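[1] Turn this into a structure:
(chains A and B)
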Amino acid sequence: MADTHKNTEKTHHLGLHKKAKYFEAKDTSSYRIRNQSIAEQRRSLPITSVEKRIVEEIKNNKILIIVGETGSGKTTRFCHNGKVIGITQPRRVAAVTVAKRVSEECSTQLGQKVGYSIRFDDKTSKSTRIKYMTDGLLLREALLDPFLSRYSIIIVDEAHERTVHTDVLLGLLKRVQKSRSTGGHFMNDEIQFKTSQCQKSHGGLNLPPLKLVIMSASLNAGVFSEYFDGAKAVHIQGRQHPVDILYTFQPEPDYLDAAMITIFQVHLDEEPGDILVFLTGQEEIESVERLVKERVCQLAEDKQKVLIVPMYSSLPSEQQMAAFKKAPPGFRKIILATNIAETSVTISGIKYVIDPGLVKARSYNHLTGMESLITVPVSKAQAIQRSGRAGREVPGMCFRLYPENEFSKLADSTVPEIKRCNLSNVVLQLKALGIDDIIGFDFMEKPSRMSILKSLEQLLLLGALTDEYKLSDPIGKQMSQLPLDPIYSKALILAGEFKCLEEMLIIVAMLSVESIFFFPREKLEEARAARKNFSSVDGDHITLVNVFRSSLEFLDKLKLTINNEKSISKNLLKWCKENFINNRSLRHARDVHSQIQGHVQQMGLSITSCGLDMLQFRRCLTAAFFLNAALKRTDGSYRAISGGQTVQIHPSSVLFHTKPECIIFNELVKTNHNYIRNLTRIDPLWLPELAPQYYATQN
DNA sequence: GAGCACTGC
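    Below is the predicted model:
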């Protein structure tokens, strides 16, 4: 009863507080003004004539910064001296879709003149001259070809996103460009040696200069220009429709409530058009979905035509597709989305954006090695990106659920990822590229000295570096070749010695993907029962091995009776559903598994199994993950040995109820508590025995 | 008793 009353009161409240009261309409919003002023200040050109100009600019400049929504592909219609133009993207899906579009525009078959290359999927050939790829992949290529000799031009798209890969790539490209114009003197001896061999095979030709184009949607081109020694920046006006930005008069104490009110205000008062609401996570989306559904029922019948669609990454792909479907005639679609709708997916039909201005972001404490997910205010750039989602097809509106003076207090842009993550992988790759002075490396934005030192220390403990902090041979070299977290690469090398490489390959594949199990709220008991079939008393690692092997057995049996690819994957999907396993994650794990298997075979490691001797496997896990050990306290919590933090077993672990005395774990994440995930029980005496370099001096 | 978003020859 009380609930109903509350609800009607709120609905009423909506009626009273019309737009003009609740929101301050900023028709001459800072957003539009800013767009305008760029157009005035810089020589902005309509998109059709821009192409010619850019080709001209690339001819005349070694480096060019292009700012604005360019419509990727416009700049890539030419190439020279039989070399390749490489275009990098932060995301796989972007690399694929842009490549497809450009190859269609050129009327060529994908994979011929225009192709793409991403992990697990290479659509290029000898005749490919325009190659789209992920930036991470180009970094990997640089390990084999340090001068990127195949490329004449490299275009880095979406540079404003400042992912770790983009930042490292920019540093590398700056260096490669300098060395290609000075004949390679810039690189150290080892790389010069590699290059001279490489050049011999190219008939001793000197490499032509490398041209760079940096594309950024950010309004702040200055940082890129400055980094590339005052490189020329060209501004291009976007093809966005105007978006009216509306702010609240007062700060909203409860942003979910404010979001609810706004959803209904738009639905009842504004003309047709879909609504996109930015929320922070799955839980929040589920609860808002329930609340909206409840309140819709209380509306007049002709106002009940709404379609509510949740959208977040861990949603099974069939359900994600629902967000892309058009709403039935007369219906309004309301999409409740995480950050995924900010850049990763584009949903058509959106006219209204509701933005509480918050995001759940990963932060990393390099002192404790602890990652945490915290809800923080978005940056100005993020808020602008979000509001832009309303103006892709028609003029739109964006409701920011905070006052305008709060907007001005937001940070201009999000802190680049390289300043808030574990750098072990970055450091290892730079070392493998022959860059020994990591602290002196010309990063666009330098990570803290502390976090670099911490990574060097970790790599030293893993044996990837010598006492002089040089890449060790063979361990460090092998580790750098594997596309894995360094600690997983080390685990594979160790597993070769422990004769359980087969099992460890499965583990690193399963740990490298998103969550394998899922526990839907409404079928929790069923899901738990399903997992019991795979559970091991030893912990999550062996449980994951059991899942992987069971799925392969099932797949093999299927292949004996059916030879229709489609029907096989349909059956596998059914098997996954029955077992509450995420089909996408499992497929991804199979891909990682076969890729890494190829790598370790090439390295000459022999893939042997420990059979039923799980003791041996657990000892190997201990030798590999000794840095992540924890001891039980009397109260049932745990103490992480290396960092000293108090931690708890994550409820998703098979050891949640068992609580063994001593465990090793793979992940330490702070959400509501300090949770450790993916555990195996071990004997504490194994630690000084198997990791004396770390535990011999400790107690 | 619980899961922001990306990504890797």
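[2] Going by C-alpha atoms from here, please, whenever you check contacts or count neighbours.
    Will do.
[3] Okay, buried residues for stretch A:373-389 please.
    Applying a neighbour-count criterion of 16 or more other CA atoms under 10 Å, one finds A:P377, A:V378, A:S379, A:K380, A:A381, A:Q382, A:A383, A:I384, A:R386, A:S387, A:G388, A:R389 buried in stretch A:373-389.
[4] Report the contact partners of the fourth one.
    Spelled out, it's A:K380. By CA atoms under 8 Å, 6 or more residues apart in numbering, the residues touching A:K380 are A:F407, A:S408, A:L410, A:A411, A:D412, A:S413.
[5] among those, which ones are buried?
    A:F407, A:L410, A:D412, A:S413.
[6] And what about A:V359, helix, strand or coil?
    Using DSSP: H, G, I helix; E, B strand; the rest coil, the structure places A:V359 in strand.
[7] mind putting the buried residues of stretch A:373-389 in TSV, secondary structure, pLDDT and distance to A:I58 included?
    Output for the buried residues of stretch A:373-389, formatted as TSV (DSSP: H, G, I helix; E, B strand; the rest coil; pLDDT from 0 to 100; distance: CA to CA, whole Å):
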residue	secondary structure	pLDDT	distance to A:I58
A:P377	strand	91	38
A:V378	coil	92	35
A:S379	coil	90	32
A:K380	helix	89	31
A:A381	helix	86	27
A:Q382	helix	88	30
A:A383	helix	92	32
A:I384	helix	89	29
A:R386	helix	91	31
A:S387	helix	91	32
A:G388	helix	88	29
A:R389	coil	89	31
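[8] Please convert these to JSON lines, extending it with distance to A:V96.
    Shown next, in JSON lines, are the buried residues of stretch A:373-389 (distance: CA to CA, whole Å):
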{"residue": "A:P377", "distance to A:V96": "32"}
{"residue": "A:V378", "distance to A:V96": "29"}
{"residue": "A:S379", "distance to A:V96": "29"}
{"residue": "A:K380", "distance to A:V96": "29"}
{"residue": "A:A381", "distance to A:V96": "26"}
{"residue": "A:Q382", "distance to A:V96": "24"}
{"residue": "A:A383", "distance to A:V96": "27"}
{"residue": "A:I384", "distance to A:V96": "26"}
{"residue": "A:R386", "distance to A:V96": "23"}
{"residue": "A:S387", "distance to A:V96": "26"}
{"residue": "A:G388", "distance to A:V96": "23"}
{"residue": "A:R389", "distance to A:V96": "21"}
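[9] which of these lies closest to A:D274?
    Ranked by distance to A:D274 (CA to CA), the buried residues of stretch A:373-389 are led by A:R389 at 11.1 Å.
[10] And the closest one, how close does it get to DNA strand B?
    Look at A:R389 and DNA strand B: by CA to the nearest atom of the strand, to the nearest Å, they are 16 Å apart.
[11] how much space is there between that residue and A:A159?
    As judged by CA to CA, to the nearest Å, A:R389 and A:A159 stand 19 Å apart.
[12] ok, now A:D538?
    Distance from A:D538 to A:A159, by CA to CA: 45 Å.
[13] what about A:H541, which SS state?
    Classification of A:H541 using three-state DSSP returns helix.
[14] Count the neighbours of it for me.
    Around A:H541 there are 28 other residues, counting by other CA atoms under 10 Å.
[15] Repeat that for A:V223.
    For A:V223, the count of nearby residues is 12 (other CA under 10 Å).
[16] what's the helix or strand for it?
    Element membership for A:V223, per DSSP states H and E: helix A:222-227.
[17] Relative to the whole chain's centre, how far out is that helix?
    Distance, stretch centre to chain centre, for helix A:222-227: 24 Å (CA atoms, centre = their mean, to the nearest Å).
[18] Give the partner strands of the helix or strand following that helix in its sheet and their orientations.
    Scanning forward in sequence from helix A:222-227 by DSSP H and E, the next helix or strand is strand A:232-235. Paired with strand A:232-235 in the same sheet, following DSSP bridges, are strand A:63-67 (parallel).
[19] and the helix or strand just after the strand it pairs with, is it in reach of DNA strand B?
    Next in sequence after strand A:63-67, counting helices and strands by DSSP H and E, comes strand A:84-89. No - on the criterion CA under 7 Å from any atom of the strand, strand A:84-89 is out of touch with DNA strand B, staying 8.3 Å away.
[20] list the buried ones in the helix or strand just after strand A:84-89?
    Once strand A:84-89 ends, the next helix or strand along the chain (criterion: DSSP H and E) is helix A:92-105. For helix A:92-105, the neighbour count (16+ other CA under 10 Å) marks A:R92, A:A94, A:A95, A:V96, A:V98, A:A99, A:K100, A:V102, A:S103 as buried.
[21] Among these, which ones lie close to DNA strand B?
    With CA under 7 Å from any atom of the strand as the criterion, those include A:R92 near DNA strand B.
[22] Can you redo the buried residues of helix A:92-105 as a markdown table, where the extra columns are pLDDT and distance to A:K577?
    Compiled in a markdown table, the buried residues of helix A:92-105 are given as follows (pLDDT from 0 to 100; distance: CA to CA, whole Å):
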| residue | pLDDT | distance to A:K577 |
| --- | --- | --- |
| A:R92 | 87 | 26 |
| A:A94 | 84 | 29 |
| A:A95 | 88 | 30 |
| A:V96 | 87 | 29 |
| A:V98 | 86 | 33 |
| A:A99 | 89 | 34 |
| A:K100 | 87 | 32 |
| A:V102 | 87 | 38 |
| A:S103 | 88 | 37 |
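[23] Go through the contacts of A:K380 and name the one nearest A:S179.
    Within the contacts of A:K380, the smallest distance to A:S179 is 31.7 Å, found for A:S413 (CA to CA).
[24] Enumerate every residue touching the closest residue in space to A:L139 that isn't next to it in sequence.
    Using CA to CA, 6 or more residues apart in numbering and skipping the chain neighbours, the partner closest in space to A:L139 is A:L169 (6.3 Å). Listed by CA under 8 Å, 6+ apart, the contact partners of A:L169 are A:D135, A:L138, A:L139.
[25] just A:G369 next, same as before
    The contact partners of A:G369, by CA under 8 Å, 6+ apart, come to A:N422, A:G643.
[26] One more pass at 10 Å, please.
    A:C421, A:N422, A:S451, A:K454, A:S455, A:S642, A:G643, A:E667, A:L668, A:V669 (CA atoms under 10 Å, 6 or more residues apart in numbering).
[27] mind checking how far the third one is from A:S424?
    A:S451 is 9 Å from A:S424, where distance means CA to CA.
[28] Please apply the same query to the fourth one.
    According to CA to CA, A:K454 stands 8 Å off from A:S424.
[29] again with the last one
    Shown here: A:V669 relative to A:S424, a distance of 18 Å by CA to CA.
[30] Name the member of the buried ones among the contacts of A:K380 with the shortest distance to DNA strand B.
    For the buried ones among the contacts of A:K380, the residue nearest DNA strand B by CA to the nearest atom of the strand is A:S413; the value is 14.9 Å.
[31] quick revisit: could you single out the nearest of the buried residues of helix A:92-105 to DNA strand B?
    Proximity of the buried residues of helix A:92-105 to DNA strand B (CA to the nearest atom of the strand) peaks at A:R92, which lies at 4.0 Å.
[32] Between A:D538 and A:A159, which is the more surrounded one?
    Using other CA under 10 Å as the criterion, A:D538 and A:A159 rank with A:A159 on top: 23 against 20.
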